[in-house]
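Asks: can't give you the sequence, but here's the structure:
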């Protein structure tokens, strides 16, 4: 089964974390700067931990360089 997750990314946050905004909608705050994919990697790690799945199950579909991202979750 596949779920599409909408994520609002907030890099360079003082207090990292994941906040559920609705069904399949999240705000993910990370400490990493949006440089060379570091923030995206941390977003995947935090989101996967929050959902209780391995990070390899999450893929960025759209928005790799944007704060609005769309992820594909393979369950």
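Replies: The structure has been received and is ready for your questions. No experiment lies behind these values; they were computed from the predicted model shown.
Asks: now for the closest residue to residue 71 other than its chain neighbours, how many residues are close by?
Replies: Nearest residue to residue 71, sequence neighbours excluded (C-beta to C-beta, 6 or more residues apart in numbering): residue 5, at 4.4 Å. Quick note: C-beta positions are derived from backbone N, CA and C, even for glycine. Using other C-beta atoms under 10 Å, residue 5 is surrounded by 18 other residues.
Asks: which residues are in contact with the host helix or strand of residue 5?
Replies: Taking DSSP states H and E as the definition, residue 5 sits inside strand 2-10. With contact meaning C-beta atoms under 8 Å, 6 or more residues apart in numbering, strand 2-10 is reached by 21, 24-30, 34, 39-40, 43, 47, 58, 61, 63, 66-75.
Asks: let's see that with 10 Å instead.
Replies: 16-19, 21-30, 34, 39-40, 42-44, 47, 51, 57-63, 66-75 (C-beta atoms under 10 Å, 6 or more residues apart in numbering).
Asks: in helices only, show me those residues.
Replies: The helices, defined by DSSP state H, take in 39-40, 42-44, 47, 51 from the contacts of strand 2-10.
Asks: now the residue nearest the centre of the chain, nearest residue through space, not along the chain?
Replies: Centroid-nearest residue in the chain: residue 43, 3.9 Å away (criterion: C-alpha atoms, centre = their mean). Among residues not flanking residue 43 along the chain, residue 28 sits closest, at 4.9 Å (C-beta to C-beta, 6+ apart).
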